[in-house]
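Colleague: from the sequence below, what's the structure:
(one chain, ligands or ions: 2)
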Amino acid sequence: MFTPSEISSIQKLLIPNNKIVIITHYNPDGDAIGSSLGLKHFLSQKGLEADVIVPNDFPKFLKWMPDAKKIIIADYKRKQAGEAIYNADVIFILDFNASHRSGNLVGPWIEKARAKKILIDHHQQPEDFDFVYSDVNIPATSQMIYHFIDSLNETDLVNKDIAECLYTGIMTDTGGFRFRSTSATTHRIVANLIEKGADPAMITSNTWDTNTVSRLHLLALVLGRVEVVKEGKVAILWLKRDELKEFGFQKGDTEGFVNYGLSIMGTQVSAFFMEDLYEDFIKISFRSKEDVDVNQFSRKYFNGGGHINAAGGKYRKSIEETIEDFKEKIAEEDF
Ligand code: 5GP
Ligand code: MN
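Modeller: Ligands and ions are numbered 1, 2, ... in the order given. Sure thing, here's the model as predicted:
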């Protein structure tokens with residue numbers, strides 16, 4: 001958590017005269033959108049306005065969240081996003097650890113901005129900013145926003161909008177309150193959020209019961225070709241660009257596919273490889289159990305990073321070569 005003196009400095013920044021901007025990582029997920037909108041609604045309770053800026057578009061299944069439609073998507077509104085960041089007095093950097101994780105457009109804007117920068121995030125190895133609240137043992141940035149509100153002694157300001165957003169972020173980043181580092185504290189906070197008006201059934205249904213028939217067909221294709229290697233400890237899944245096109249791929253359609261690999265009895269690692277729809281690279285998702293560290297593995301071999309049990313990467317070879325390289329590297333790993 002921020003130190004008491006940092007909290008009082010931050011409090012002095014949160015005043016109506018200051019322009020506040022909240023930024024998330026590229027390809028924003030439930031936690032990125034949930035923490036950002038949760039913070040925006042909290043600031044609004046304090047009588048402060050804030051712009052939420054995301055580098056690129058986010059999945060439809062997150063657009064039900066209160067004020068999701070007001071989010072500025074930098075890819076579509078360059079001028080507005082650039083000016084807001086340039087003019088900001090305070091920038092909250094949520095759910096990512098380094099400027100470059102917000103992409104080629106927004107990343108350099110953050111670096112150049114004159115604003116005071118406040119990072120709240122749970123990824124490994126954060127860059128240095130004016131104020132840093134980084135904790136890799138907390139399962140979601142949305143939970144950290146609640147801790148932040150608590151450290152300001154303002155949990156009484158938490159209303160239904162804030163509760164819904166933070167609940168969604170915690171629910172999605174913990175895979176439905178299941179993943180490691182989901183703690184008693186997480187559940188206590190979630191209980192508070194329910195008391196403040198977050199409806200678990202509504203949120204789950206809006207966020208997760210949103211399959212299209214074509215997404216299920218895509219999933220069936222992926223599951224039909226699951227392969228396990230390394231004595232059943234590693235699951236491999238993959239999709240090609242032509243297949244994405246054939247099934248009318250939309251952003252977010254493949255979210256969660258990688259988790260199915262971990263549901264196979266005995267697996268420790270699941271890896272999902274997907275040809276990018278537009279550019280010539282392979283997007284990789286890694287998931288792991290217990291102490292198997294896919295963050296280090298992805299940093300070392302696949303130009304990526306993330307958390308111990310959930311990481312991603314990018315690779316500029318064909319999908320066949322990428323999977324071959326992966327099999328070679330994973331065979332050498334000690335688990
Ligand atoms: P996902 O597999 O859902 O895309 O990503 C899993 C986790 O790894 C996320 O927390 C995300 O922040 C991180 N991650 C994904 N791709 C990359 C990447 O290319 N570089 C780094 N450093 N982290 C990534
Ligand atoms: Mn997160």
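
Colleague: S151 is in contact with F2, isn't it?
Modeller: Yes: if you go by C-beta atoms under 8 Å, S151 and F2 touch, sitting 6.5 Å apart. Where C-beta positions appear, they are placed from N, C-alpha and C, glycine not excepted.

Colleague: ok, the lowest-mean-pLDDT helix or strand in the chain near ligand 2 or not?
Modeller: Sorting the helices and strands of the chain by mean pLDDT, DSSP states H and E puts strand 305-306 at the bottom, at a mean of 93. No: using C-beta under 5 Å from the ion, strand 305-306 stays clear of ligand 2, coming no nearer than 9.4 Å.

Colleague: how would you label Y76: helix, strand or coil?
Modeller: Using DSSP: H, G, I helix; E, B strand; the rest coil, the three-state assignment for Y76 comes out as coil.

Colleague: how close does the residue of the chain most remote from its centre sit to S36?
Modeller: Within the chain, the residue lying farthest from the chain centre (C-alpha atoms, centre = their mean) is E231, at 31.3 Å. Distance from E231 to S36, counting by C-beta to C-beta, to the nearest Å: 42 Å.

Colleague: then D135?
Modeller: Taking C-beta to C-beta, one finds D135 at 18 Å from S36.

Colleague: repeat for V234
Modeller: With distances taken as C-beta to C-beta, V234 is found 34 Å from S36.

Colleague: those two - which one has more neighbours?
Modeller: S36 (31 against 25; other C-beta atoms under 10 Å).

Colleague: from F297, how far off is the more buried one?
Modeller: Distance, S36 to F297, using C-beta to C-beta: 29 Å.

Colleague: rewinding a little: backbone dihedrals for the residue farthest from the centre of the chain, please?
Modeller: Per-residue torsions, E231: phi 50, psi 40 (degrees, to the nearest 10).

Colleague: over to H25?
Modeller: phi -80, psi 170.

Colleague: not counting its neighbours along the chain, what's nearest it?
Modeller: Distances taken as C-beta to C-beta, 6 or more residues apart in numbering place F96 nearest to H25, at 3.6 Å, with adjacent residues excluded.

Colleague: same thing with N259?
Modeller: R287 (6.1 Å).

Colleague: now the element after the host helix or strand of that neighbour, going C-ward?
Modeller: Assessed by DSSP states H and E, R287 sits inside strand 282-288. Later in the chain than strand 282-288, the nearest helix or strand by DSSP H and E is helix 294-301.

Colleague: gap between F58 and ligand 2?
Modeller: 13 Å (C-beta to the ion, to the nearest Å).

Colleague: that residue: neighbouring residues, count only.
Modeller: A count of nearby residues for F58, using other C-beta under 10 Å, gives 22.

Colleague: so which bits of the protein are right by ligand 1?
Modeller: H123, S285, G304, G305, G306, H307, A310, A311, G312, G313, K314 (C-beta under 6 Å from any ligand atom).

Colleague: how about a cut-off of 5 Å?
Modeller: S285, G304, G305, G306, A310, A311, G312 (C-beta under 5 Å from any ligand atom).

Colleague: got a list of what the residue of the stretch 201-335 of the chain found nearest ligand 2 touches?
Modeller: Residue nearest to ligand 2 within the stretch 201-335 of the chain (C-beta to the ion): H307, separated by 8.3 Å. Counting by C-beta atoms under 8 Å, 6 or more residues apart in numbering, H307 touches H122, H123, Q124, V136, N295.

Colleague: residues touching P55, list them.
Modeller: 23-28, 73-75, 102-103, 105-106.

Colleague: could you do T186 as well?
Modeller: Contacts of T186 (C-beta under 8 Å, 6+ apart): I138, P139, A140, Q143, I170, T174, F177.

Colleague: any idea of the mean pLDDT in stretch 286-296?
Modeller: Mean pLDDT, computed over stretch 286-296, is 96.

Colleague: which two in the contacts of T186 are spaced the farthest apart?
Modeller: I138 and F177 (13.6 Å; C-beta to C-beta).

Colleague: between those two, who's got more neighbours?
Modeller: I138 (23 against 13).

Colleague: any figure for the gap between the more buried one and I53?
Modeller: Per C-beta to C-beta, I138 is found 23 Å from I53.

Colleague: so what's the closest residue to ligand 2 within the stretch 151-300 of the chain up against?
Modeller: Nearest to ligand 2 in the stretch 151-300 of the chain, going by C-beta to the ion, is D173, at a distance of 4.5 Å. When contacts are counted by C-beta under 8 Å, 6+ apart, D173 touches D29, G30, D31, P139, A140, T141, S142, F179.
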